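Visitor: Structure for the following, please:
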Amino acid sequence: MIPETDPKIIAAKLCEFARTNFVAEGVQFDEHSPLSQAGIDSFALVELVLFCERVLGVRVPDSHLTPTNLASMSSLANCISELARNAPKTT
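Guide: The predicted model follows:
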């Protein structure tokens, strides 16, 4: 699997996953919404990280799970995009 590197596409996929699994119906939520205000707790964050590995093909190391990277889906998408671009290429 070749990981996605476009942060806009990654953010859209993360938002769709969050809306489907975590965000309450009727809550305004987009890639710039603070995750904490959208009701995304530590358990949901674990699911998001697993989603990144399973679906996006990018492993997010614990060292990247910082408040800055977890502020919004946009900031998480930028982190994932950078990790994907810097990942060793497999043949």
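Visitor: what about Ala84, how many neighbours?
Guide: The number of residues packed around Ala84, counting by other CB atoms under 10 Å, is 20. In this view, the C-beta of every residue, glycine as well, is placed from N, C-alpha and C.
Visitor: buried ones in the strand or helix carrying it?
Guide: Ala84 is part of helix 73-86 when elements are defined by DSSP states H and E. Within helix 73-86, the residues that qualify as buried are 73-81, 83-84, counting by 16 or more other CB atoms under 10 Å.
Visitor: and of the residues you listed, the nearest to Ala11?
Guide: If you rank the buried residues of helix 73-86 by distance to Ala11 using CB to CB, Ala77 comes first, at 3.7 Å.
Visitor: picking up where we left off before, which residues are in contact with the helix holding Ala84?
Guide: 3-8, 10-11, 14-15, 18, 30-33, 35, 48, 52, 56-60, 64, 68-70 (CB atoms under 8 Å, 6 or more residues apart in numbering).
Visitor: From the residues you listed, list the buried ones, please.
Guide: 3-5, 7, 10-11, 14-15, 18, 31, 33, 35, 48, 52, 56, 58, 60, 64, 69-70.
Visitor: Leu14 looks like it's in a strand, true?
Guide: No: according to DSSP: H, G, I helix; E, B strand; the rest coil, Leu14 belongs to no strand; its state is helix.
Visitor: Not counting sequence-adjacent ones, nearest residue to it?
Guide: Met73 (4.5 Å; CB to CB, 6 or more residues apart in numbering).
Visitor: Over to Ser81?
Guide: In space, Ser81 is closest to Pro7, 4.2 Å off (CB to CB, 6+ apart).
Visitor: For that neighbour, give me its contacts.
Guide: Per CB under 8 Å, 6+ apart, neighbours of Pro7: 74, 77-78, 80-81.
Visitor: if we go to 6 Å?
Guide: 77-78, 81 (CB atoms under 6 Å, 6 or more residues apart in numbering).
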